[in-house]
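K.L.:
quick check, what structure comes out for this input:
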Amino acid sequence: MTRTVAVIQARTGSNRLPGKVLKTIEGETSLLAFQCRRLREIPGVDELVVATTENPEDDAVVALAEAEGVRVFRGSEHDVLSRFLKVADATLATTLVRITSDSPFRDPDVIARCVAEHREHGAEYTRPADGHLPKGLRAEVVETAVLRQIAEDAATTPRDREHVTVRIREHTGAYRVHTVAFPPDLHHPEVDLSVDTPADLAAARSVLAELKARNWPVDTLHICRLMDELRGPAACTEDLAS
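P.N.:
Take a look at the predicted model:
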């Protein structure tokens, strides 16, 4: 039996924007709540969960996720790999989708396509092709068995454990890796929609407001169209933040 679980890794600790996942993106809706609502139902994904730390300050993450009806699992702050495997054990997931909480615009359709091609190609790790999507809109799909193998390998480093899939990305020849091609009008690798600073947060709020002002869906196609419209992709995120 195969079971696919999407995991949002979230914590309040952040050097440049502390508590960023609890910051609001629209009205009283936080980044994490916005993401939970967008990704609660993804075709091909059986469940969405949040994986946070055991630190007391992340009690707020637990409360928020539970209020959104999303199950929460807690584990090591730095050994994020062990957090993912704890989720896999509890949910019986054979396949995991890795989602970072600093990217509120992740698109369920992009994730669904990556999951579908992952299965179709019998891959162990799947991601969009390099340069095919803006940063913050990409997705990673990985087999639980591969993560377990990495966790049990004596050569695995603390960096491997913190960044979960970095070992696979840096040793692609050792795994069945598949990359998903997306249409040329989505090829905006120079655009970064992740939130790591106050300026990034301001830009994300403006992107959402601009999409809604045009009555456009909040999806990858329309985000890229907005990027093209506002003076060119590279400049627009800076303009929106100003």
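K.L.:
please enumerate the helices of this structure.
P.N.:
31-39, 59-67, 80-91, 108-120, 144-152, 158-163, 166-170, 198-213, 220-229, 233-241 (DSSP state H).
K.L.:
wait, which of those helices is closest to Arg3?
P.N.:
helix 80-91 (7.0 Å; C-beta to C-beta). No exception for glycine: its C-beta is placed from N, CA and C like everyone else's.
K.L.:
for that closest one, packing partners?
P.N.:
Helix 80-91 is packed against strand 4-9, strand 47-53, strand 71-75, strand 95-100, helix 144-152, helix 158-163, with contacts defined by 3 or more C-beta pairs under 8 Å, 6 or more residues apart in numbering; DSSP states H and E.
K.L.:
for the fourth one, which strands pair with it and how are they oriented?
P.N.:
By that I understand strand 95-100. Strand 95-100 pairs in its sheet with strand 4-9 (parallel), strand 140-143 (antiparallel), by DSSP bridges.
K.L.:
export those strands as CSV, with columns for mean neighbour count.
P.N.:
As requested, these are exported to CSV (neighbours: other C-beta atoms under 10 Å):
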stretch, mean neighbour count
strand 4-9, 23
strand 140-143, 24
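K.L.:
is it possible to get CSV of the helices and strands packed on helix 80-91 that adds distance to Pro189 and mean pLDDT?
P.N.:
Below are those laid out as CSV (distance: least, C-beta to C-beta, whole Å; pLDDT from 0 to 100):
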stretch, distance to Pro189, mean pLDDT
strand 4-9, 23, 97
strand 47-53, 26, 98
strand 71-75, 32, 97
strand 95-100, 17, 96
helix 144-152, 26, 98
helix 158-163, 20, 96
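K.L.:
how about a markdown table for these, with distance to Arg38 added?
P.N.:
Below are the helices and strands packed on helix 80-91 laid out as a markdown table (distance: least, C-beta to C-beta, whole Å):
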| stretch | distance to Arg38 |
| --- | --- |
| strand 4-9 | 11 |
| strand 47-53 | 10 |
| strand 71-75 | 17 |
| strand 95-100 | 10 |
| helix 144-152 | 24 |
| helix 158-163 | 24 |
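K.L.:
re earlier: next, format the helices of the chain as a markdown table and append distance to Leu22.
P.N.:
Formatted as a markdown table, the helices of the chain follow (distance: least, C-beta to C-beta, whole Å):
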| stretch | distance to Leu22 |
| --- | --- |
| helix 31-39 | 7 |
| helix 59-67 | 6 |
| helix 80-91 | 19 |
| helix 108-120 | 22 |
| helix 144-152 | 28 |
| helix 158-163 | 22 |
| helix 166-170 | 26 |
| helix 198-213 | 11 |
| helix 220-229 | 23 |
| helix 233-241 | 20 |
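K.L.:
need these in TSV with mean neighbour count, can you?
P.N.:
Converted to TSV, the helices of the chain look like this (neighbours: other C-beta under 10 Å):
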stretch	mean neighbour count
helix 31-39	21
helix 59-67	17
helix 80-91	20
helix 108-120	19
helix 144-152	17
helix 158-163	15
helix 166-170	17
helix 198-213	17
helix 220-229	18
helix 233-241	16
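K.L.:
which of those has the lowest mean pLDDT?
P.N.:
Lowest mean pLDDT of the helices of the chain: helix 233-241, a mean of 45.
K.L.:
on that earlier part again, export the strands paired with strand 95-100 to TSV and tack on distance to Leu32?
P.N.:
As requested, these are exported to TSV (distance: least, C-beta to C-beta, whole Å):
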stretch	distance to Leu32
strand 4-9	7
strand 140-143	19
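K.L.:
out of the helices of the chain, nearest to Ile99?
P.N.:
Nearest of those (C-beta to C-beta): helix 31-39, 6.9 Å.
K.L.:
kind regards, and thank you for your time.
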